[in-house]
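[1] can you look at this prediction? I've put the sequence above it.
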Amino acid sequence: MVKVIEDLRALSDNNNVGKLLKMRHLDVWDDQVFRELATPLDVSETTIFTSVKSIIEFKAFFDEGSQVFYGTVVVEYKNEKTERVYLYSLLMSSALNNELYRESMRYLDDFNKFYPIGACINVKRRGKELPGVVVSIDPNSKRTVQVVFNDCKTIDVPDSEISEFADSGTFMCFTNICFYTSDNVNGKPLGPFAPKNFEQAKRRGLQRYIDAGLLEMKQLVDLKVYEVLQEYTLTWEQKRYAIPMLLLLKEKILPDGNLEKIKGRCVALGNYELEFEGGFAPTVHQTTLLLMLMLIGNLKWNYLVLDVVGAYIRTPLKKPILAQFPKGFTVNGSRFCLLKMSLYGLHDSGRNYYLYFRKLLLLWNAVKVQKNRSDSQCYLIIEPKTLEKIAIMMVTVDNMALGINPKFPKFLSMFRNHLERNNLPTTIDTDKLLLGMDIKYLTRDSVLELQVHNVRYIEKLATKYGIHEYKAVETPMATAVYAILSCNERMEK
């Protein structure tokens, strides 16, 4: 599960603090240190904290009776007497001791071994972020930590309410070992504890995530996205300016909370690019989108959404780019490759795909394609002989909203075959989501109405802020636009 560091204590001296922080950032932990948490400690529960002079030791332990991990400190009083007490007792005693603890933690190296117990965090409460200190962790209560705030009050906080750990950029620690061992990981998502990239997955030995990353790289090989280069053929200057790649990993979770699959995506770090033309893929304007959708409804045409599978990585680059494989991944010992297809993250990827798709569409001989003069991403497709209108198409980068005339039932298969012959396979989005928006047609009092609501964005916000119960509420559009959309006579004219 974790990589064992042979001598973590040797890295804890003042000369190696930077190394220790880097280890914590990279999620490398010594499981032997955390096994020592089971060591019982003699902790005083009846203490008067009015005369605390300093804090000389920090340590955590596992209480077998309550099955909870607690933080403890050894305090020195003004009479030079020392005593071990619970961290939450110290912090709840007075605001002065609260500040004394925060100041002392800067000089105690043992803190790093028991992180995040003792860590300063920010908790989201009622729209505000409140600073506090983690004093204990309950491994049997769905990743709940006990936090003491500046006002000496304590509360149990789920990890979903923690906005950040002020002492580190990640919530990775022995909690990871407590909840997600090799025995109980199968079939369950790791949530906030999941590795974010391929390098983390390899370091922690999570085979399912490693396999997902390798599958993504295999797909890039099948699509001939890159060509492997031997390092000895490259100069030092070429290696220095090679664009790094990053292999990201993301969990896809089913509605019942179980893990559906782990998705890998290889991206290029475009901020390292020195030479690029710039520009982005234009998308259809929202006003055009709403007007055309209403027109499709009034004409009683069939509405659907097409997604291009792997749009960017199927688009050739104008000029090959030297790149470096993601950390943790090599091919026959080589770390470098030559990109021949666009990759997510490159400055010109969106623009390259837009130009490639537009060329395929406008040079299609089977139909006549007419581009809208006011919106370059809205197209009218016409039958070349009879000049009868076949379809309306609105393009949003790699998605297309289509309104198809029912008189031409074969157009859809013909259009998809044309794209697939040119290495752009498509899938039909059964949810009909366009830019994350759910689009529905309703008829009220013989008047056609268009309903649009941003499902994905709302769900993302609800998850982010812990909102579990919410419902859609009808909100009319701007008056002028709504009047045009609801008037059948004007739309048909």
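    Happy to help now that I have it.
[2] does Tyr70 have beta-bridge partners, and which?
    In this entry, Tyr70 is beta-bridged to Phe61, Ser136, by DSSP bridges.
[3] residues in contact with it?
    43, 60-63, 86-88, 117, 135-136 (C-beta atoms under 8 Å, 6 or more residues apart in numbering). No exception for glycine: its C-beta is placed from N, CA and C like everyone else's.
[4] give me the pLDDT for it.
    pLDDT, Tyr70: 86.
[5] quick check: it vs Phe411, distance?
    In this view, Tyr70 and Phe411 are 68 Å apart by C-beta to C-beta, to the nearest Å.
[6] Ile155 too?
    61 Å.
[7] same question, Cys120
    61 Å.
[8] so Val145 makes contact with Pro116?
    Yes. Assessed by C-beta atoms under 8 Å, Val145 is found in contact with Pro116 at 7.4 Å.
[9] Val157: what secondary structure?
    strand (DSSP: H, G, I helix; E, B strand; the rest coil).
[10] quickly list what it is bridged to.
    Val145.
[11] what is the burial count for it?
    By other C-beta atoms under 10 Å, 21 other residues sit near Val157.
[12] the helices in the stretch 1-150 of the chain, which residues?
    Applying DSSP state H, counting those that start in this stretch to the stretch 1-150 of the chain gives helices spanning 17-25, 31-35, 87-93, 95-104.
[13] rank those helices by pLDDT, which is bottom?
    Looking at those, the bottom one is helix 17-25 with a mean of 41.
[14] low-confidence bits of the stretch 301-450 of the chain, can you list those?
    432 (pLDDT under 70).
[15] could you say what helices and strands the longest helix seen in the chain packs with?
    Counting by DSSP state H, the longest helix found in the chain is helix 207-222. On a contact count with 3 or more C-beta pairs under 8 Å, 6 or more residues apart in numbering; DSSP states H and E, helix 207-222 meets helix 198-204, strand 243-253, strand 259-268.
[16] restricting to C-alpha, output the shortest one in CSV.
    Extracted as CSV, the C-alpha positions of helix 198-204 are listed here (Å, rounded to 0.1, in the frame of the first residue of the first chain):
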residue,chain,number,x,y,z
PHE,A,198,0.0,7.7,-12.7
GLU,A,199,3.1,8.4,-10.6
GLN,A,200,1.1,8.4,-7.3
ALA,A,201,-0.7,5.2,-8.3
LYS,A,202,2.7,3.4,-8.9
ARG,A,203,4.2,4.7,-5.7
ARG,A,204,1.3,3.4,-3.7
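[17] what average pLDDT does that helix get?
    Helix 198-204 comes out at a mean pLDDT of 77.
[18] so which elements touch that helix?
    helix 207-222, strand 243-253.
[19] so which bits of the shortest one are buried?
    Neighbour-count burial for strand 243-253, with 16 or more other C-beta atoms under 10 Å as criterion, is recorded at 243-249, 251.
[20] can you pull the buried residues of stretch 349-357?
    Quick answer for stretch 349-357 (16+ other C-beta under 10 Å): 349-354, 356-357.
[21] stretch 61-76 too?
    61-62, 68-73, 75-76.
[22] and that stretch, end to end?
    End-to-end distance of stretch 61-76 (C-alpha to C-alpha, to the nearest Å): 20 Å.
[23] check stretch 250-260 too.
    For stretch 250-260, the end-to-end distance is 11 Å (C-alpha to C-alpha).
[24] now do that stretch: distance to the chain's middle.
    Its chain's C-alpha centre and that of stretch 250-260 lie 14 Å apart, by C-alpha atoms, centre = their mean, to the nearest Å.
[25] what about the residue nearest to the spatial centre of the chain, distance to Met217?
    Centrality entry for the chain: nearest residue to the mean C-alpha point is Lys250, 6.6 Å, by C-alpha atoms, centre = their mean. Distance of Lys250 to Met217, computed by C-beta to C-beta: 15 Å.
[26] which residues does the most far-flung residue of the chain relative to its centre contact?
    No residue in the chain sits farther from the centre than Asn79, which is 52.9 Å out by C-alpha atoms, centre = their mean. The contact partners of Asn79, taken as C-beta under 8 Å, 6+ apart, are Ser51.
[27] phi, psi for it please.
    phi -90, psi 10 (degrees, to the nearest 10).
[28] model confidence for it, exactly?
    81.
[29] roughly how far does it sit from Val43?
    For Asn79 relative to Val43 (C-beta to C-beta), the value is 20 Å.
[30] just to revisit the earlier point, looking at Ile155 and Phe411, which is more packed in?
    Phe411 (19 against 14).
[31] the domain parsing of the protein - what is it?
    9-179, 436-493 (automatic domain parsing).
[32] can you confirm Gly350 is in a strand?
    No. Secondary structure of Gly350 (three-state DSSP): helix, not part of a strand.
[33] that one reaches Val397, doesn't it?
    Yes. Gly350 is within contact range of Val397, at 6.5 Å (criterion: C-beta under 8 Å).
[34] give the residues shared as contacts by those two.
    Common contacts of Gly350 and Val397 (C-beta under 8 Å, 6+ apart): Ala281.
[35] follow-up on the earlier one: and which of the buried residues of stretch 349-357 is nearest to Lys318?
    Closest approach to Lys318 among the buried residues of stretch 349-357 (C-beta to C-beta): Asn352, at 7.1 Å.
[36] if I look at that closest one, how far off is Leu246?
    Taking C-beta to C-beta, one finds Asn352 at 20 Å from Leu246.
[37] go on, Phe325?
    Using C-beta to C-beta, one gets 10 Å for the distance from Phe325 to Leu246.
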